[in-house]
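Trainee: just a sequence and a predicted model for now, questions to come.
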Amino acid sequence: MNDELLTQLKTEIPSATRAKGEVYARLGRAEVQTSGPDHVIGRVRGSALYRVRAMLDPRTRLVDASCECAAFREFGPCKHVWALALAASGAGRARTSFGDGGGDAASGGELALRGDALREWKLALHDFDAAAAKSKAPPQPVALRWILDLSSAGLGGEAVLFVGILTARKRGGWNKLRGLSAVDLGSRAGWSAQDREWLDLVLGAEDQFATPFAQEAGIARLRDAQAARLLPEIARAGRLEAREQQDAQPFALEWDEGEPWRVGLALVRDGAALELRARLRRRDEALRPEQTVALFAHELIVYEHRLGRVDARGAWALLRALRSGRRFAAPTREERAVSTWLVSEHGGALDALPDAARADGIEPHPYLRLDAPEAGAASIAVQLAFAYDGFRVRALDPRELVWEPGDTRLLPRDRAAEARLLEEFRAAGGDATPSPATDRDGAVPLARLAGLVRELGARGWLIDAAGKRLRAPGQAKFTLSSGIDWLELEGGVDYEGAQATLPALLEAAKNGSGLVRLSDGSLGLLPEQWLSSWGLFDALGEQSGDKLRFRASQALLLESIAREEQAIEADVRLTEIAERVRSFDGLAAAEEPAGFRGKLRPYQRDGLAWLQALARIGFGGCLADDMGLGKTVQVLALLASRASASADARAGETGEARAAGKKRRTTLVVAPKSLVFNWQREAERFTPGLDVLVHAGAERRRDARGFGKHDLVLTTYGTLRQDIGVLREVPFDCVVLDEAQAIKTAGSQTARAARLLSGEQRLALSGTPIENHLGELWSLMEFLNPGLLGRSRAFASLVESSDGLSLAEHDRLLLRRALAPLVLRRTKAAVLPELPERSEQDLRCELEGTQARDYQKILEYCRATVLGEVEEKGLARSKLRVLEALLRLRQAACHPGLLDRARTGESSAKLELVLPLLQEVAEEGHKALVYSQFTSFLDIVEERLKALGLPYERLDGQTQDREARVTRFQTDPDVRVFLLSLKAGGVGLNLTAASYVFLLDPWWNPAAEAQAIDRAHRIGQQQKVMAYRVVATGTIEEKVLELQAKKRELFDALFGPLGEGAGDAAAAGPLKGMTKRELEWLLT
């Protein structure tokens, strides 16, 4: 179909009708059965199924159209014609068939496309051609006149429009003007497009009408919305007329292009009476209401043969009443009541009262009143108001004027300025949704209250609380004093004479409102400094009356807070303890003690001095050096020095004391099973004088008899759990936890058992005191220095207020400063500059083909099933399903054989990337470590190495002869590749023969990967170490890298750069602290 037919139809069909046709076309209701350059035939589904056609006459080029609907029979081309034309032109969504469902309501039946289709088409076209032949005569020219009837503008104020029609005479001229009738609406072919548009507005833009113009020919009673749009449009076109009586001669009504007239009311005294008067003003012009001819649609005015707009300012009814001659008068004794009513109901238009005049230009000043916070509520109710030169009005008050009896000024409200101020309130975190039931204008979430008050206060808002002025904090004064085994904090903050006690401050900080109840019942704003420290106070102490009580072991942390907070004064004893600890920075390096064989490196002598200083002041500590820096050796040196000191002390005793059989100073070392042999071997090498007992295995004694005969008892974490009933009764000289991440979960059996051990000194060895979240720090410190970080739940609430991976900057700095003397960490880069460089790089590969499709299917399945179960049961009760989903996604990113053993022979993106690199490494004479979480993936890699003829070794959880495997890899030049599981091969191994490390699948915990890389990058390494992390793009593995980055940032903030992982680092899973939102992020 060509554009000419569409263009011609557009002139024939009004825009409102076309709009409906466009909807039909977009919905696919039009079925094109046949079409050509000049015609289209088809069906359109409306309330029934209509046969429709449109064509261009080949001679006249006029449109000949037909449709079986009732609207077409009365008005001509309809929405169905337009829908079919759009579908044929490609602008709509054409259907190929409506099928057999839904019968054809048309009398002629359905135009079928079955049997002899061509014959059906010819018959249909013949029928249409015959109908078209009957209407070849051109349409008769007509003219419409639009006349506004002013006589009808009575109390109702509706606009009555007379639509007259003039038809052309055959001999020239026009027939007599008559009112438009329903019959005239049947053919609009001769009407102008403009007239058709206006008529559509009159008729409501509908295709079918019961009886248009049936009661009175030509009379259309317009609704206000119709009149406000239609009359100005006709007047602008110069086509609007008006008549004051139905039989009067119409006159032209011009459109007034000037600004709208503005209504002004004034209540004036006229002798002993009051009278309400009104004026319509515009710049220097003025009209009295009675000078107007008519008022329509709440905004149109007729005067002096002109139609214009008027701003009634809310006084439309008064304006109409005054124009009609109604006089509003009252005795002066009612002046107060009348004035108050006018201000309340018509303040927008009120310009003057007898003794008050309008004073424009007064800006509103915002006012916020806070209700008293309710217990357990998540928000606080507020009132919002605006003050105009001292006079206050509520935000939701409908009055447009601010005035009270006796005032001499009428202050108009600046609604635009008020709206901007309300937006300020919302932007600061407030909710301006009113609550009529409680007479409140909005609310503020308690979590945002303090920030909102400060922000709005800085912007000049007047804020009070519960009707009293919100007090600002003044001087704070607290005292931190010490007793025999306790510390106490007491004091408060001054608020302009009223006091906030310590318990009140803590309670206010807990509920998050930012407001504190003062001694006189008023409210005060919490001091910002207090807000920055309250979390630590609450986590560390317990309330006792008006004081907070702490343990003596918390002296170091509390003194750090006191030094930071100028308002806290610490007593002398507390300061002395802190000074002794801070003196660690100036410790002189210790020499190798008697009984120690070997030579300590300079940084190891510093470490020994630090360990000895901890023992002198009675604190436990964590040696957190990088892997490979000799933490074991440093502890053995400490044990040798303690054994030597003990021997010296015994030597100085009298024979009688020696005869009493004083026991040795026995140390207990708890380590992972895989490291017990390493401790035994290192003790034999460096401290051969120490008597060592391995308390582990099925053959061990089930009691503690004989422990006192040994200097060093080695045991495993599993044995610790089983034998804690025996071990807790032994008073050890020193208790050491190696790979102390084993106790990172405070509620675990291992952590509880460790805390029950008795020792004069407690030490922890761990390259990563924190692996996943800050709760692990509490568990470690509770073992080393019981009570240092307060109660477990209180500390957990402090760190879990966010995501468990972060902490307020202020609290983080305080913790770092306080714990610094108790945690010694050195990196390889700092103390071993001679160690070869180490670099890490992510190798990206992209899943393709079947592997990519498989991954996407698993992802979609996981999203549909797992998220649904979490929504229904919650994350805690769906952990198994979540863990399984994450596991399957990680496996799918590695190799299809991890999901289906029958597919182990297939390739994968990671294999295609890594295998050529391993060949290249071997050909260049280097060795490589290849790590994976999945032993099944190692199986697949192993088969590929066999096929390539690359000699290799392997170590995983099933390996029995670990030492032999390690030795062969380290010494056999033909073995170039070592396959290791991340957990079994990540600790207790020295693999410096390798200079390349490949991590086939990233793990949630960066510490596990760091310790795997450190198997090669340690003392004894002569070559640069290159570590490659193989990551499948667009998969869950990229999300794993993002989580790793968060955990590194947390560790760095408290202890410095992340290094070695500890113990069961590889077992650190992804669900600790995970939220539903984070799970949704992972499954994208």
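Mentor: Received, thanks.

Trainee: okay, CA-based contacts and neighbour counts for the rest of this
Mentor: OK.

Trainee: do a quick rundown of the strands in the stretch 651-800 of the chain.
Mentor: For the stretch 651-800 of the chain, strands defined by DSSP state E, counting those that start in this stretch occupy the ranges 667-671, 692-694, 712-716, 731-738, 758-765.

Trainee: want to throw the ones you listed into a markdown table with mean pLDDT and distance to A65?
Mentor: Below are the strands of the stretch 651-800 of the chain laid out as a markdown table (pLDDT from 0 to 100; distance: least, Cα to Cα, whole Å):
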| stretch | mean pLDDT | distance to A65 |
| --- | --- | --- |
| strand 667-671 | 95 | 94 |
| strand 692-694 | 94 | 104 |
| strand 712-716 | 95 | 95 |
| strand 731-738 | 95 | 93 |
| strand 758-765 | 94 | 92 |
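
Trainee: columns distance to S936 on top of those, output as TSV?
Mentor: Shown next, in TSV, are the strands of the stretch 651-800 of the chain (distance: least, Cα to Cα, whole Å):
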stretch	distance to S936
strand 667-671	28
strand 692-694	34
strand 712-716	28
strand 731-738	30
strand 758-765	32
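
Trainee: check the ones you listed for me and report the most buried one.
Mentor: strand 667-671 (a mean of 25; mean count of other Cα atoms under 10 Å).

Trainee: partner strands of that strand, with direction?
Mentor: Looking at strand 667-671 with DSSP bridges, its partner strands are strand 712-716 (parallel), strand 731-738 (parallel).

Trainee: what's the last one in contact with?
Mentor: Counting by Cα atoms under 8 Å, 6 or more residues apart in numbering, the neighbours of strand 731-738 from elsewhere in the structure are 665-672, 757-766, 1063.

Trainee: so after the worst-scoring helix or strand of the chain on mean pLDDT, what's the next helix or strand?
Mentor: Of all helical and strand segments in the chain, the minimum by mean pLDDT, DSSP states H and E falls on helix 117-133, at a mean of 45. For helix 117-133, the following helix or strand on the C-terminal side (DSSP states H and E) is strand 142-149.

Trainee: report all helices and strands that that next one contacts.
Mentor: If you count contacts as 3 or more Cα pairs under 8 Å, 6 or more residues apart in numbering; DSSP states H and E, strand 142-149 packs onto strand 159-167, strand 240-243.

Trainee: the first one packs against which elements?
Mentor: The criterion is 3+ Cα pairs under 8 Å, 6+ apart, and the helices and strands that strand 159-167 contacts are strand 142-149, strand 178-179, strand 219-222.

Trainee: low-confidence ranges, the stretch 951-1084 of the chain, go.
Mentor: 986-988, 1004-1005, 1043-1084 (pLDDT under 70).

Trainee: tell me where it has helices.
Mentor: Along the stretch 951-1084 of the chain, counting by DSSP state H, counting those that start in this stretch, helices occupy 962-971, 1006-1013, 1036-1055, 1076-1082.

Trainee: just checking, E1037 touches P1002?
Mentor: Yes - with contact defined as Cα atoms under 8 Å, E1037 reaches P1002; the gap is 6.5 Å.

Trainee: joint contacts of those two?
Mentor: Residues touching both E1037 and P1002 (Cα under 8 Å, 6+ apart): V1031.

Trainee: neighbour-wise, which of those two wins?
Mentor: In this view E1037 and P1002 are compared by other Cα atoms under 10 Å, and P1002 has more residues nearby, 25 against 22.

Trainee: next, format the strands paired with strand 667-671 as a markdown table and append distance to D441.
Mentor: Formatted as a markdown table, the strands paired with strand 667-671 follow (distance: least, Cα to Cα, whole Å):
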| stretch | distance to D441 |
| --- | --- |
| strand 712-716 | 65 |
| strand 731-738 | 60 |
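
Trainee: out of everything not next to it in sequence, what's closest to L384?
Mentor: Excluding the flanking residues, the one nearest L384 by Cα to Cα, 6 or more residues apart in numbering is L368, at 5.0 Å.

Trainee: look at the one you found and give its secondary structure.
Mentor: strand (DSSP: H, G, I helix; E, B strand; the rest coil).

Trainee: which residues does it contact?
Mentor: V382, Q383, L384, A385, W461, L462, I463, D464.

Trainee: likewise for E1038?
Mentor: The neighbours of E1038, taking Cα under 8 Å, 6+ apart as the test, are V1031, A1032.

Trainee: let me know the outermost residue of this structure.
Mentor: In terms of distance from the mean C-alpha position of the chain, R171 ranks first, at 78.2 Å (Cα atoms, centre = their mean).

Trainee: just the element for it, please.
Mentor: Using DSSP H and E, R171 sits within no helix or strand.

Trainee: do you know how far it is from P289?
Mentor: Distance, R171 to P289, using Cα to Cα, to the nearest Å: 49 Å.

Trainee: do the same with R965
Mentor: Note on R965: its distance to P289, by Cα to Cα, is 108 Å.

Trainee: got it, and A159?
Mentor: Distance, A159 to P289, using Cα to Cα: 18 Å.

Trainee: more neighbours: which of those two?
Mentor: A159 (27 against 22).

Trainee: of all the strands of the stretch 651-800 of the chain, which lies closest to R440?
Mentor: Of all the strands of the stretch 651-800 of the chain, strand 758-765 sits nearest to R440, with 57.4 Å by Cα to Cα.

Trainee: tell me the buried residues in stretch 14-31?
Mentor: 14-18, 20-22, 24-26, 28-31 (16 or more other Cα atoms under 10 Å).

Trainee: run the chain-centre distance for that stretch.
Mentor: What separates the centre of stretch 14-31 from the centre of its chain is 41 Å, taken as Cα atoms, centre = their mean, to the nearest Å.
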